[in-house]
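[1] Everything below, folded, please.
(4 chains)
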2 protein chains.
Amino acid sequence: MSTLDALDTKLLLALIEDPRAQIADLAERLGVARNTVQSRFRRLQRAEILRGGGREVDLEALGYDVVAFMTLEVVHRELDAVIAGLRRIPSILEAHEISGRGDIWCRLAATDTHGLQSALRSVLRIRGVIRSETVLALHTHIGYRADQLLRRSLDAVGGARSEGEPKAPEEGQ
Amino acid sequence: MSTLDALDTKLLLALIEDPRAQIADLAERLGVARNTVQSRFRRLQRAEILRGGGREVDLEALGYDVVAFMTLEVVHRELDAVIAGLRRIPSILEAHEISGRGDIWCRLAATDTHGLQSALRSVLRIRGVIRSETVLALHTHIGYRADQLLRRSLDAVGGARSEGEPKAPEEGQ
DNA sequence: AACTCTTCTGAGCATAACGCTCAATTGAGC
DNA sequence: GCTCAATTGAGCGTTATGCTCAGAAGAGTT
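    Predicted coordinates:
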């Protein structure tokens, strides 16, 4: 289980909303001394729960060890209602409409397999959901990144590169 | 096409690396006046290319209009090599090992369908890749979010809630 | 009840960053 | 050569930062 208390969690929430928020503002918003936020923030950073400095939160540190991907087949004219239903389930981390087999693709997180089962039940209870197919994410080999894309854009536009930076590969578009 | 020049792109890259980086540091790193970074930063923020203040970059603003999901079946003993190959393709935004049908799940982005085709060809050229299945992401209904999860953790631990904040729903685990 | 240990608090301090303005310079396009 | 937008460097007052320190508050223990 995570070692985060309510204050840590609130701090993370505030930082997700605005990663560049100032320490003093955060302190005021959380109704706590500036010093406290400063030390909490430092701790979260050092523990790498706050990755990159506020961009993303380490879900495992929060105790969400199970991540799964799910495709959903839905009654098309109920699509909006299904989306609204998904939105109400905290375990749903994202949801996209897709082409091909299945109509919606989702990512979900849970503390354990029981939590996952519970989340899946919630999903299947949504009116308009016909069928679901779920796979477990066993390991993240490449975490979300957009920097490679940016680096390639940089090459395309001919931006000078600072020393030491690796050149982005050219494969694929 | 995007209206971002090399400096904008470099600024975004630096902010992805460290969303809380100081303006002055960024200016020094990019070898440009502090004032310049300040105005560029403000512009990126206002144009909402920098979402949330540094958390994520708007891919569409960069000209990447096509997003797709791909499952890959691979020769298991070549898994590491496949991952390494994927890592070298900028279009691959993330990659996870999964259970069930297909062995790897990826998200990829491209400027258009030609770019997507090119990326897919790059993937299929990787030694160890047996078969791929790709679906287009037509629309993002729920973008990546972790705040709901955090809010539920807050409720679980009994954190007091500031005024006006909506209570996180209770459905699912 | 006293004790310890940790955390939070509030204050203070020197340094640095911030947001802003302004005049001068640069560079591209006409 | 001209215009226009962007960049630069300097300067300004205000604010945030990182730091220290002593005291208060709580939880858990003896």
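
[2] The closest residue to A:Ser99 other than its chain neighbours: what's it in contact with?
    Spatially, and ignoring its direct neighbours in sequence, A:Ser99 is nearest to B:Leu136 (4.4 Å; Cβ to Cβ, 6 or more residues apart in numbering or on different chains). To be clear about C-beta, it is placed using only N, CA and C from the backbone, and glycine gets the same treatment. B:Leu136 makes contact with A:Ile98, A:Ser99, A:Gly100, B:Val66, B:Val67, B:Ala68, according to Cβ atoms under 8 Å, 6 or more residues apart in numbering or on different chains.

[3] now the third one: how far from chain B?
    According to Cβ to the nearest Cβ, to the nearest Å, A:Gly100 and chain B sit 4 Å apart.

[4] so where is chain A shaky, pLDDT-wise?
    Applying pLDDT under 70 to chain A flags the ranges A:1-2, A:52-55, A:157-173.

[5] Secondary structure element holding the spatially most central residue of chain A?
    What sits nearest the mean C-alpha location of chain A, by Cα atoms, centre = their mean, is A:Leu93, with 6.0 Å. Under DSSP states H and E, the secondary-structure element containing A:Leu93 is strand A:92-98.

[6] Can you tell me the strand partners of that strand and which way each runs?
    Strand pairing for strand A:92-98, using DSSP bridges, gives strand A:104-110 (antiparallel), strand B:129-142 (antiparallel).

[7] Does the residue nearest to the centre of chain A touch A:Ala109 like I think?
    Yes: between A:Leu93 and A:Ala109 there is a contact at 5.6 Å, judged by Cβ atoms under 8 Å.

[8] Show me the common contact partners of the two, please.
    Shared contacts of A:Leu93 and A:Ala109, defined by Cβ under 8 Å, 6+ apart, comprise B:Leu149.

[9] Which positions in chain A make contact with DNA strand C?
    Applying Cβ under 7 Å from any atom of the strand, we find that chain A lies next to DNA strand C at A:Leu7, A:Val32, A:Ala33, A:Arg34, A:Asn35, A:Thr36, A:Ser39, A:Arg40.

[10] What count of nearby residues applies to the last one?
    To tie it back to what came earlier, the one meant is A:Arg40. Counted with other Cβ atoms under 10 Å in any protein chain shown, residues neighbouring A:Arg40 total 22.

[11] Could you measure from it over to A:Ile23?
    10 Å (Cβ to Cβ, to the nearest Å).

[12] Next: the fifth one.
    Summarising the geometry, the distance separating A:Asn35 from A:Ile23, computed by Cβ to Cβ, is 9 Å.

[13] which ones are touching A:Val135?
    So A:Val135 contacts A:Ala68, A:Phe69, A:Met70, B:Ile98, B:Ser99, B:Gly100, B:Arg101, B:Gly102, B:Trp105 (Cβ under 8 Å, 6+ apart).

[14] Quick check, A:Arg87 in contact with B:Gly143.
    No: between A:Arg87 and B:Gly143 there is no contact under Cβ under 8 Å: 11.0 Å.

[15] That concludes my questions; thank you for your assistance.
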